[in-house]
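Enquirer: Pasting the sequence and the predicted model now:
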Amino acid sequence: MHTKRLSEFLRARRALVRPEDHGMPTGVRRTPGLRREEVAVLAGVSTDYYVRLEQGRERNPSPQVLRALASALLLKDEEAAYLRALVDPPRSGRPRPAREYAGPQLISLLDTWADTPALVYGRHLDLLAVNALGEALFSWLGDECSLITGMFLNPAARDFYRDWDVVAQGCVAALRAGNPGPDDQRLWELVGELSVRSPDFARMWARHEVRAKTASAKRFRHPVVGELTLGFETFSVNSAPGQHLVVYRAEPGSAAEQSLALLGGSSLTGLQDTHDATHAQVATHIRDAARTQVAAQAQDMTHALDTQDERPSPP
């Protein structure tokens, strides 16, 4: 059991629970959330025992105690599972690879969705695969392959996501949810770097929220097609535990659907055809005007010559 992470999780989650959530009087409190003795009462354990848990001096809480703590701290199912994983980390039958890759069949599947942005990310929110429309949608990432690094260190992310705070907190919660194990060197390197370079990440990580990405809608502000709202669904990749497939969609007939079509190139082709037709019309107009002008000049010269021929000869 990783006692330090368990201690941090319990303290952070206790601070997020309001006394009124359990029907307790608020009163005057120096710090937010429940007091340790209140959590102990709600969980049916002694205050001394709970204090030892928070201080990392109690190493073997029973499943019954963990269930009681999850109830006292109002943990959702994912958060309760994360709490259990901190005490009894999952044991994988095979070691995780140092670097993740999307499988070739999954990449081929993405490429068949020409009208649907789709991507695959790994347990550390690294971008492992993306189809053409997804790449066009997330063009702001540039060469960055880490979704969470781009989210916090690339200023373009705050322009792209109209609800940046919500999306960023969701990414942090998903990063924690996907990595409950204590011996993940890549995770701690990533968390360490982002905590130093981004105060927003440090603040959100300290909340210890645990929430995998599922289904919702996101509001974007794309540099080419402007504002659009897309729904998305997240699927676990069973052939590669820890990887997730995300598929975006626009409501049929919506402005967002037209924006995706434009982004995908079908409308861009139409725009190019219109541009070419307009250019041809302008060129024809210029040629016609030039011919008219030349004809007028020729007519004027002919008239001038005729006028000169009609003048009387000098005596």
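Expert: Thanks, I have it. Numbering: from 1, shown residues only.

Enquirer: where does this structure dip in pLDDT?
Expert: Scanning the chain with the threshold set as pLDDT under 70 gives 1-2, 91-98, 266-315.

Enquirer: go with 90
Expert: 1-5, 24-32, 56-60, 86, 88-100, 178-185, 212-215, 241, 264-315 (pLDDT under 90).

Enquirer: Buried residues in the strand of greatest length in it, which are they?
Expert: Using DSSP state E to assign secondary structure, the strand with the most residues in the chain is strand 226-236. By neighbour count on 16 or more other CB atoms under 10 Å, the buried set for strand 226-236 is Leu228, Leu230, Phe232. (C-beta placed from N, C-alpha, C; glycine too.)

Enquirer: want to throw the residues you listed into JSON lines with distance to Ala156?
Expert: Written out in JSON lines, the entries for those read as follows (distance: CB to CB, whole Å):
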{"residue": "Leu228", "distance to Ala156": "16"}
{"residue": "Leu230", "distance to Ala156": "18"}
{"residue": "Phe232", "distance to Ala156": "20"}
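
Enquirer: what's the closest of the residues you listed to Val41?
Expert: Taking CB to CB as the measure, Val41 sits nearest to Phe232 out of these, at 41.6 Å.

Enquirer: any idea how far that closest one is from Leu262?
Expert: Spatial separation of Phe232 from Leu262 under the definition CB to CB, to the nearest Å is 19 Å.

Enquirer: Leu106 too?
Expert: Applying CB to CB, one obtains 27 Å for the distance of Leu106 from Leu262.

Enquirer: Burial check on the nearest residue to Phe152 once chain neighbours are set aside, number of neighbours?
Expert: Distances taken as CB to CB, 6 or more residues apart in numbering place Ser198 nearest to Phe152, at 4.1 Å, with adjacent residues excluded. Ser198: 18 surrounding residues under other CB atoms under 10 Å.

Enquirer: same check, this time on Ser146
Expert: Counted with other CB under 10 Å, the burial measure for Ser146 works out to 20 neighbours.

Enquirer: Quick check: bridge partners of it?
Expert: Asp126 (DSSP bridges).

Enquirer: Please apply the same query to Tyr161.
Expert: Applying DSSP bridges to Tyr161 gives these bridge partners: Phe220.

Enquirer: dump the residue contacts of it.
Expert: Met151, Val167, Ala168, Lys218, Arg219, Phe220, Arg221 (CB atoms under 8 Å, 6 or more residues apart in numbering).

Enquirer: Also Ala40?
Expert: So Ala40 contacts Ser46, Thr47, Tyr49, Tyr50 (CB under 8 Å, 6+ apart).
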